[in-house]
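Undergrad: I'll drop the sequence and a predicted model, then ask my questions.
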Number of protein chains: 2
Amino acid sequence: MKKHNFSAGPAILPQSVKEKASQAAVDYNNSGLSLMEMSHRGKEFVEILNKAEKNVRTLLGVDDNYAVLFLTGGASTQFFMTAMNLANPNDNIAYVDTGAWSSKAIKEAKLFSNVNVIASSKEANYNYIPEIVPPSMTPKYMHLTSNNTIYGTQIKEWPDVTCPFVCDMSSDIFSRPLPLEKFGVIYAGAQKNVGPAGVSLVIIKKELLGKVERQLPTILNYQTHIDKGSSFNTPPVFPIYVTMLTLQWTIDNGGVSAMAKRNSEKSQLLYNEIDSNDLFVGTAQVSSRSNMNATFLLKDESLTDAFLEDCQAAGIVGIKGHRSVGGFRASMYNAMGLDSVQALVDVMNSFSKKHG
Amino acid sequence: MKKHNFSAGPAILPQSVKEKASQAAVDYNNSGLSLMEMSHRGKEFVEILNKAEKNVRTLLGVDDNYAVLFLTGGASTQFFMTAMNLANPNDNIAYVDTGAWSSKAIKEAKLFSNVNVIASSKEANYNYIPEIVPPSMTPKYMHLTSNNTIYGTQIKEWPDVTCPFVCDMSSDIFSRPLPLEKFGVIYAGAQKNVGPAGVSLVIIKKELLGKVERQLPTILNYQTHIDKGSSFNTPPVFPIYVTMLTLQWTIDNGGVSAMAKRNSEKSQLLYNEIDSNDLFVGTAQVSSRSNMNATFLLKDESLTDAFLEDCQAAGIVGIKGHRSVGGFRASMYNAMGLDSVQALVDVMNSFSKKHG
């Protein structure tokens, strides 16, 4: 039976990507060697790394003013690296607090610079994206979290400010077109729309660098990785390969415009069911609803186990909500087809007939 | 034709490990999902992570006074994290300079503490392990690089000092038994004897932590990873799985004592050929020769291409030396069988008959 993988991350990968990754793990390109056994300085991996970078540039229209880096340490490492590399201790930097991950970014940035939290939806357990009024001071940058997996919210319109955005886009990068010129840094852990866990993507406007006075460990300086083409030290070879394949799949399936259309269709199908089914209720405010992660509750919590059993019987996995919101979370990243969302909607519908 | 993979790193993996990794990349344990698509909080990966830790403890006899961590960022990140977490600015820390990687560790540690380089073989292009005389001051720790891939040297006897060792063991961990009690920290990029690129192993004596005054970004504090069991943020799921498999293979093949015997046999076979073959000469001093990486030159450099052609014809790959030493480097990590070293020796021998 086909599994419908609604996991929040690590998350669904395209079938063709998994098959190519499987082959490369045991014998890459008929070389007699696994890709995992090959030098990161050899022509095979250098080609893969170049292709991965090219795919990022193609998908988002990234020009040479920006560097495209493949690093490790996840978005959690970028929380402090961005502030450490971009802001001096007395600079003002503006942060929008839209959830647990924003809060962590704020905490780490405070070690390095003067953080101003200019908007927050904490008082409502982050169930909406707060209005972002341009701050009176001119911050060095404004930090945003574009999509909040835990709460099922997503920024729909980019704020109209003059400073560059530094944006944690871990859970919705490549899900839609972007006005790239507004961004100074985009960073993302790979394990949703980009590839598998173990690599992070950083897109950075080069002119923002070289302006802080503090001494940085070599590997924490973005310029090191720009100068060394993401190979200052041994990069995560296999995760980068699977990333390159996933981005190639995204291009081959129409790029970010096609993904935006497909993601909108999937989420509309599910949100329509949530709104029309008497047993369920959505947790995020409608105008802030994410196209990546739909969060919803059973009005009668005592039915939870019965619903999860029906999901399991239909091959639906990864649907349990985060503990801080409860209920259910359906993550519908790029690689998920409409058929999987339809399978979930069918279960919700028949569950309603049994228990409504 | 079988490939004999002498690459310095990323390096050879056991065939059975590659086959299991290949299966997990497309369908883990008949779940219908790739391991790369599964939550790092799910029971499948938690079991893998626990097993990986248990395998490290089994192989090196690591007790509960030590934490076993799986991090990212390679040994290059440990160069600064060790000093950052263990030493205050005015503390003395002692470093032994045995090559390019030691030098990098020294450079990064200087950002955080008072580095004393107490021994070096730089004047001889690092072709031997210098004598390590216990320093008069009592350093907080002494940093060692146990094996130097570029120069083909390896520490054979551990210095007799009272402070704990902090040791970069990236290229020979699990190749031999260790007097663990001498070590405060052992760190290693995985991509030689541990697993694939993309994960780093850190073994750390817990009582050494909590003694520095500086504020650390959360993810750069070892205590964070101890408290969160290497899952503070999404760990590199697939590299950790392949690591667990590789360590299990090491246990199943007799553990570190058996590896030491096997590694000694392999390196003796090759060093005997280097010493008895008139065309070749070793670059490292005999008493410092590494059992992991043998470095050697053709006395007549003009024969280089002809030798590399003969190697290629025999399925031998990854034999080219590092640019700073030249010639050839044969890396014979745990997963390599004696048959592969014999294949190289046979080529050297027949090459000598043709050109000697």
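TA: Nice, I can see it.
Undergrad: give me the low-pLDDT residue ranges for chain A?
TA: Counting by pLDDT under 70, chain A shows no low-confidence range.
Undergrad: let's see 90
TA: Within chain A, the segments meeting pLDDT under 90 span A:1, A:133-138, A:356.
Undergrad: and the strands in it?
TA: A:4-5, A:66-71, A:92-97, A:114-120, A:142-145, A:147-148, A:153-154, A:165-168, A:183-189, A:200-205, A:280-282, A:293-298, A:316-317, A:328-331 (DSSP state E).
Undergrad: which elements pack onto the fifth one?
TA: Contact analysis of strand A:142-145 by 3 or more C-beta pairs under 8 Å, 6 or more residues apart in numbering or on different chains; DSSP states H and E lists strand A:92-97, helix A:100-109, strand A:165-168 as its packing neighbours. Just so you know, the C-beta spots here come from the backbone N, C-alpha and C atoms, and that holds for glycine as well.
Undergrad: the last one too?
TA: Counting by 3+ C-beta pairs under 8 Å, 6+ apart, the packing neighbours recorded for strand A:328-331 are strand A:293-298.
Undergrad: give me the contact list for the strand it packs on.
TA: With contacts defined as C-beta atoms under 8 Å, 6 or more residues apart in numbering or on different chains, strand A:293-298 is touched by A:8, A:147-152, A:171, A:267, A:270-271, A:274, A:279-284, A:304, A:307, A:321, A:325-332.
Undergrad: returning to what we had before: dump the strands of chain A to CSV, plus mean neighbour count.
TA: Listed next are these as CSV, based on neighbours: other C-beta atoms under 10 Å in any protein chain shown:
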stretch, mean neighbour count
strand A:4-5, 25
strand A:66-71, 22
strand A:92-97, 22
strand A:114-120, 18
strand A:142-145, 26
strand A:147-148, 28
strand A:153-154, 26
strand A:165-168, 27
strand A:183-189, 25
strand A:200-205, 24
strand A:280-282, 17
strand A:293-298, 24
strand A:316-317, 20
strand A:328-331, 25
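Undergrad: domain ranges for chain A?
TA: Split into domains by automatic domain parsing, chain A comes to A:15-252, A:255-355.
Undergrad: please identify which of the ones you listed is closest to B:P179.
TA: B:P179 lies closest, by C-beta to C-beta, to one member of those: domain A:15-252, at 28.2 Å.
Undergrad: please state the offset of that closest one from the chain centre?
TA: Offset of domain A:15-252 from its chain centre (C-alpha atoms, centre = their mean, to the nearest Å): 9 Å.
Undergrad: can you tell me how far the residue lying closest to A:L220 once chain neighbours are set aside is from A:A190?
TA: Distances taken as C-beta to C-beta, 6 or more residues apart in numbering or on different chains put A:M81 closest to A:L220, at 6.0 Å, once the chain neighbours are dropped. Distance check for A:M81 against A:A190: by C-beta to C-beta, to the nearest Å, it reads 16 Å.
Undergrad: out of those two, which sits in the busier spot?
TA: A:A190 (31 against 25; other C-beta atoms under 10 Å in any protein chain shown).
Undergrad: my read is that the more buried one contacts A:P239, right?
TA: Yes: counting by C-beta atoms under 8 Å, A:A190 touches A:P239, with 6.5 Å between them.
Undergrad: shared neighbours of these two, anything?
TA: With C-beta under 8 Å, 6+ apart, A:A190 and A:P239 have common neighbours A:P196, A:A197, A:G198, A:V199.
Undergrad: can you narrow the residues you listed down to the ones near chain B?
TA: Contacts with chain B within the shared contacts of A:A190 and A:P239, as defined by C-beta under 8 Å from any C-beta of the partner chain: A:P196, A:A197, A:G198, A:V199.
Undergrad: ok and the residue in the stretch 251-356 of chain A nearest chain B?
TA: Of all residues in the stretch 251-356 of chain A, A:G318 sits closest to chain B, at 6.6 Å by C-beta to the nearest C-beta.
Undergrad: that residue reaches A:F6, doesn't it?
TA: Yes: at 4.4 Å, A:G318 and A:F6 qualify as touching, with contact defined as C-beta under 8 Å.
Undergrad: shared neighbours, the two?
TA: What both A:G318 and A:F6 touch, as defined by C-beta under 8 Å, 6+ apart, is the set A:S331.
Undergrad: higher neighbour count, the two?
TA: Taking neighbours as other C-beta under 10 Å, A:G318 and A:F6 compare with A:F6 leading, 27 against 23.
Undergrad: so how far is B:G32 from that one?
TA: In this view, A:F6 and B:G32 are 13 Å apart by C-beta to C-beta.
Undergrad: anything in stretch A:27-34 near chain B?
TA: Yes: using C-beta under 8 Å from any C-beta, stretch A:27-34 reaches chain B at A:S31, A:G32, A:L33, A:S34.
Undergrad: isn't the first one right next to A:E37, touching?
TA: No: in this structure, A:S31 is not within contact of A:E37 by C-beta under 8 Å, at 9.1 Å.
Undergrad: if I pick A:L13, what's in contact with it?
TA: A:L13 neighbours (C-beta under 8 Å, 6+ apart): A:A21, A:G195, A:P196, A:V242, A:T246, A:A335, B:S34, B:M36, B:E37.
Undergrad: with adjacent residues omitted, what lies nearest to the first one?
TA: Leaving aside its chain neighbours, A:A21 sits nearest to B:A25 (4.5 Å; criterion: C-beta to C-beta, 6+ apart).
Undergrad: and A:P89, what does it touch?
TA: Counting by C-beta under 8 Å, 6+ apart, A:P89 has contacts A:F112, A:S113, A:N114, A:R214.
Undergrad: can you check A:N263 too?
TA: Counted by C-beta under 8 Å, 6+ apart, A:N263 has contacts A:S175, A:R176, A:N291, A:M292, A:M332, A:N334.
Undergrad: mind running it again at 6 Å?
TA: Applying C-beta atoms under 6 Å, 6 or more residues apart in numbering or on different chains, one finds that A:N263 lies in contact with A:S175, A:N291.
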